Each structure stands twice: as structure tokens, then as C-alpha cells.
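1. What follows is a protein structure lacking sequence information:
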């Protein structure tokens, strides 16, 4: 064996014998993101802020967030929604606001675009519908910071933050910089989605953000032909069990219905498109439950 190969072999053996070869923090050591945290602050002229989150993509989080903000508005509140998903913004599509660019106020702040009585802001308004955002971490965090603090909301009772999926830089930046009244976690009944939802809740626990409850999306498929119902991803037992184990509220069970997806894709979410439907009622009840938890005075 050559000398260089021998040294490499010996170094590898030492590494493998080490009790912590990857250099992970020892048990009880605070995570790095908890050390030297920035001071949390309120978003100017916004009374209450809630985050809608999912640790897994594709569970319908943005559709839930959009309908929730619209439900708040329908209850008589001054509501807004902020799209934090820089790489995959959905709010321009959900609110049918593709071709309008936000103006700047006299203080050089972005002025929200309004649709269906809800004030909205998204990076998608600034980069174009088909443009890919190819940014590294520092640029991402700068964009998130500006979205959080450089928008002139003009007075809101409640602002819904549509977070990107996962538990990375953007989510931590929001949780560490903004005084949140709580987080709503969205999941499907699928076992993998529920596991990721639990990871998302753990992240909020570590940064001191209360989890207001879980929303189950696409729990039951309502067939438009036979009127039967099928639990495509399994029953709701997993989600309800997590709620029971953690002492959390089960906030709502949104069905897998073709109209919800169709309404969203044409920029007119269910609460606006079908306000008297059973599906819209789920969102309205959800808004009332959340409003009560964070101290909002909501109408009937």
C-alpha cells in the first residue's frame, strides 16, 4: 500500500471509530439556528399574522391558504395574503392577477394588489409567470425579508402567510423575524405527508411558534357521478391521531373535489366561486375556529 493510501486508510478508520463521525450536535445542544436569533417584530399595520405551512409539496397548501384568507374577508375582516414561496409562487394564479405589476408607495414600499376583497402580494407579480427564479440562499433570504417588511398593507386585521413546503431557510427566516400568532399545518391523510407534517410542527416548536391545528386536505374523493365517497389516501385516523397525541385542534377536512382544483386554476377559489357549497362551509368554519384561537372578532 502506498504511503498516501495508507494515510487515507488510517484517517478513514479514525473517522469511523469516532462516536459522531458527521459532526452532528450532541444531544441537548441547541440547534445552530437558535443561537443569536434576530429580534422578532410585527409586520407594520397588521394586527394578526398566521402562517399556513406544509413540510411536503403537493398537498394543496396554497389553495387552503387562499380560501382561508377569502373566508376571513367574507367574515368582515380586513384580510391579506402574502406568498412567501419565491421559487413556486401560486397567489397570482389563485387570485387571477397575472398581468398587473405592483406600484410603489411614496415610501418606496410595494402596494398590494387586491382581488375579491383580499390584499395580496407575491414575488410572482415581479418576476413574471413563466420566469424561473434561480437564486442562492442570500438572495432568497433578502427577498423574503423585503416581502415581510417592505409592503404597505394599509391596515389589516389578519395576514395569511403562504409558506413554501419544507423546513428550510425561508420558513426559518419567517419564524425568526416575524411575530406570528400561530401556524396552520396542512397535510393529506397519506402516511408520508403526515410524517412530514409532524416534522413541520417540530420546526415551529423549536422556534417558539404555536401550532393552531391541522387541516386535512383531499381526505375523501367525492365522485360527481355516483355521489359516493372514497378515501383515496387512506382514512383520517392518522391526522386525528396526531392531533390527539399533541393536543392540537383538527381544524377541517377538505374533500378531494374537482371543483376545488378547477376553481383555483381559473383564479376564483371556492369561497368566491361557490360560497354556498359544503366545501366553502369547511373553509368558513376553519376561519372561525382560527379567528377564535388568535383573538379575532369574526362575524357570523
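-> Alright, I've got the coordinates. Keep in mind that this is a model prediction, so the values were computed, not measured. Residues are numbered from 1 along each chain as shown.
2. in the chain, which spans are helices?
-> Applying DSSP state H to the chain gives helices spanning 3-17, 61-74, 91-94, 124-127, 137-149, 169-177, 191-206, 237-246, 258-265, 270-273, 278-294.
3. Mean neighbour count for those helices - can I get that in JSON lines?
-> C-beta coordinates here come from the backbone N, C-alpha and C atoms, glycine included. Shown next, in JSON lines, are the helices of the chain (neighbours: other C-beta atoms under 10 Å):
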{"stretch": "helix 3-17", "mean neighbour count": "10"}
{"stretch": "helix 61-74", "mean neighbour count": "28"}
{"stretch": "helix 91-94", "mean neighbour count": "24"}
{"stretch": "helix 124-127", "mean neighbour count": "18"}
{"stretch": "helix 137-149", "mean neighbour count": "16"}
{"stretch": "helix 169-177", "mean neighbour count": "20"}
{"stretch": "helix 191-206", "mean neighbour count": "18"}
{"stretch": "helix 237-246", "mean neighbour count": "15"}
{"stretch": "helix 258-265", "mean neighbour count": "17"}
{"stretch": "helix 270-273", "mean neighbour count": "24"}
{"stretch": "helix 278-294", "mean neighbour count": "19"}
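4. Now do the longest strand seen in the chain against helix 258-265, angle only.
-> The strand that spans the most residues within the chain, counting by DSSP state E, is strand 211-222. If you take axes from the mean of the first three to the mean of the last three C-alpha atoms, to 10 degrees, strand 211-222 sits at 120 degrees to helix 258-265.
5. Return the list of helices and strands in contact with strand 211-222.
-> helix 61-74, strand 182-187, helix 191-206, strand 229-230, helix 237-246, strand 250-256, helix 278-294 (3 or more C-beta pairs under 8 Å, 6 or more residues apart in numbering; DSSP states H and E).
6. Would you single out the least confident of those?
-> Per-segment mean pLDDT for the helices and strands packed on strand 211-222 reaches its minimum on strand 229-230, at a mean of 78.
7. Residue 178 bridge partners, please.
-> Note on residue 178: beta-bridge partners by DSSP bridges are residue 41.
8. That one is in contact with residue 49, isn't it?
-> Yes. Using C-beta atoms under 8 Å, residue 178 is in contact with residue 49, at 6.1 Å.
9. list residues touching both of these two?
-> Listed as contacting both residue 178 and residue 49 by C-beta atoms under 8 Å, 6 or more residues apart in numbering are 42-43, 161.
10. burial measure for residue 226, as a count.
-> 8 (other C-beta atoms under 10 Å).
11. before we move on, back to that, tell me the one of the shared contacts of residue 178 and residue 49 nearest residue 275?
-> residue 161 (24.1 Å; C-beta to C-beta).
12. Could you check how many residues crowd around the closest one?
-> Using other C-beta under 10 Å, residue 161 is surrounded by 24 other residues.
13. ok, residue 218 - contacts?
-> Applying C-beta under 8 Å, 6+ apart, we find residue 218 in contact with 59-60, 188-189, 232-233, 254-256.
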